[in-house]
Each structure stands twice: as structure tokens, then as C-alpha cells.
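Peer 1: Show me the folded form of this:
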Amino acid sequence: MTGAPSPTSRISSKADILQGILLMTLAMIIVPGMDTVAKYLSATVAPLLIGFGRFFFQAVFTLLGALMMTGGLRTLMPKRWGINMLRGIFLAGATFAFFTALKVMPVADAIAIFFIQPMVLTALSAIFLKEQVGPRRWAAVVVGLIGAIMIIRPGFDAFGAAALLPMVTACLFALYLLTTRILAGEDSMLSMQFTTSLGGGLTLAIVIAVIAAFGVETTGIIVAMPNSIEMSLLFAIGAISFVSHGLIVKALALAPASVIAPFNYLEIVSATLFGFLVFGDFPDLMTWAGIALIVASGIYIAHRERRRAAQG
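Peer 2: Prediction:
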């Protein structure tokens, strides 16, 4: 699971667009690697700590990137701290919900349900940003939700309430993207990535500290210090998150978001492959039908966004 803010608009050449598509494709191939490692770790490490590790190491990589590319840390300072930290809080909640789901669910199923996010974002944009959403896009939202229900329904019997967590993730991630739209063009990509990591990491650190202080013993959130192997895997999660985010940002800088948005769904394909190779999981026919509805709805919404942008 990953995402990136939308860049400012620019005119792209055919070569730029092709390069953007290739970079997005590469990002979608490696992103499920992070989720696969997180699922593997969840057998021995609490999802809260996995999420914190992701943000901590992503922040470290961002700091190093700023030092190597700019020679200083000024590019990491945002213009508006409050809303940037809020983005981090939304992403922290989404990360914790998703990693908790991965503890019991196949990677491909969880990611497929998560991809109702464009439908949720469409609805939230209409409500909070007063964007015009026509009946055809609303219909696409409904179809995408039906696809999610087709995946969740059998999963609920097998996994319980955890089957709903990818939908919670999609809602929180849509809020993260909504606040990102509000900030569009204000800060550098490194700054937005750093403040998101900082906000997310601090949020999860506070939760972990409260759990440790009060001795909470609820299954699934018990926090223990990881060993050296687990720490190296947390490091890998942070590295994958940083690299994939950078690839997506670069792709969006080269090609219009509406052009490369459909390539996001390659993540489901690579997630299925990772899940099968590592855990032996493979989606059943009903899940593939739900995936097809979600993908078709997402691509249609991207198509309508492109048409709306062209007309506007």
C-alpha cells in the first residue's frame, strides 16, 4: 500500500509519458514487497511496531536523501506544519489498519479491497471540496463498493472483522489524499514525505508508549522489542516505502496523473504473485470478480477525471 501527492500540472512529451508509465509500473511491482514483508513480520511483531518501523526508517531515508540531493535540511521544512502532520496521522491510521489486516488476510485480497480508495476519494471530494461529481462517476463508486463487498463477504466468515480493515484503510488513505490536494504545490516532495513520516511515526510512537505505560495485553497490539532479523526487515519496509514513493513522485512529474492512474492496479497483480510465492495464497473466483469490478470502476473514474481536466 502506498500513495503519492499529485504534482502541479505540466505539458508532457511522449517520451516523458512513456518514462512515467515505466516508473509507475516499476513502483507497482515493488510496492507489494513491503506488504509481503509486513505480513511475514506480523507473525512475531505487532502491527503497531511494523507501522512505526516503516515511518521511522522512511524518515531516515528522506533525511539522507535531502542531505545528498540538496546538501541541507531546509527543503524538509513545510509551510504549514499542522495540515502536514494531519496527513501523517491519517496515513498512520491507514498503515496500522492495513498491517493488522495483513496479519490474517492474503495480501492480494487486502490490496484489492484497499483499491476502493479512488471511489472513497471521489465521494469525499464532492462533500468537502465541492467538486462536481456526475451520476456516472457516482455509479462507478457504487460498482466499486459492490466489488469490495464481493471480496469481503466470504472473507468476513474466514477472518472476522479484520476483513473490514482494508476498507477502513481506504477511507483513511482517501483522507490523506484529500489533505494532500489541499496542499498541492505548497511544499517540495521531500518535505511532504518527511512530514508525513514524522507525523505518522509520532502518532504510532505515542500509541505504543501509552500501551507500554498501561500494560495493555490485547492480542495483536502487544509491543515487544524486535530482534536483529526483525529489525532488518523493518529497515527493508522503510527502504521499499521510500524508493516506491520516490518512483511514484517521479512518474507523476513526468506524466499526467490521469494517464498513469490505471497502472496503479498492476499492484494487485504483483501482490497476487508475492502472496502465492511466499504464502501460497491465491484469490478464488469470487475475489477475482470483485477485483474486476473495483479495477473497472477505478479506471472509469480516472477516465472521467481526465475528461473533466481537459474540459476545465
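
Peer 1: So which elements touch the worst-scoring helix or strand of the chain on mean pLDDT?
Peer 2: One helix or strand of the chain scores below all others by mean pLDDT, DSSP states H and E: helix 257-260, with a mean of 74. Here helix 257-260 touches helix 14-41, helix 285-311, going by 3 or more Cβ pairs under 8 Å, 6 or more residues apart in numbering; DSSP states H and E. To be clear about C-beta, it is placed using only N, CA and C from the backbone, and glycine gets the same treatment.

Peer 1: One more pass at 10 Å, please.
Peer 2: Applying 3 or more Cβ pairs under 10 Å, 6 or more residues apart in numbering; DSSP states H and E, we find helix 257-260 packed against helix 14-41, helix 228-254, helix 285-311.

Peer 1: Report the separation between the nearest residue to L73 once chain neighbours are set aside and A205.
Peer 2: Excluding the flanking residues, the one nearest L73 by Cβ to Cβ, 6 or more residues apart in numbering is A66, at 5.8 Å. For A66, the distance to A205 equals 21 Å [Cβ to Cβ, to the nearest Å].

Peer 1: More neighbours: those two, which one.
Peer 2: A66 (20 against 15; other Cβ atoms under 10 Å).

Peer 1: Whatever helix or strand the more buried one lives in relative to helix 228-254, how many degrees between them?
Peer 2: Taking DSSP states H and E as the definition, A66 sits inside helix 47-70. Our comparison of helix 47-70 with helix 228-254, counting by axes from the mean of the first three to the mean of the last three Cα atoms, to 10 degrees, yields an angle of 50 degrees.

Peer 1: buried set for helix 47-70?
Peer 2: 47-59, 61-62, 65-66 (16 or more other Cβ atoms under 10 Å).

Peer 1: That one: what's the following helix or strand?
Peer 2: helix 81-102.

Peer 1: for that next one, packing partners?
Peer 2: Counting by 3+ Cβ pairs under 10 Å, 6+ apart, helix 81-102 packs on helix 14-41, helix 47-70, helix 107-114, helix 165-182, helix 189-214.

Peer 1: Out of those, which gets nearest to H303?
Peer 2: H303 lies closest, by Cβ to Cβ, to one member of those: helix 14-41, at 15.9 Å.

Peer 1: And the closest one, what does it pack against?
Peer 2: helix 47-70, helix 81-102, helix 107-114, helix 228-254, helix 257-260, helix 266-279.
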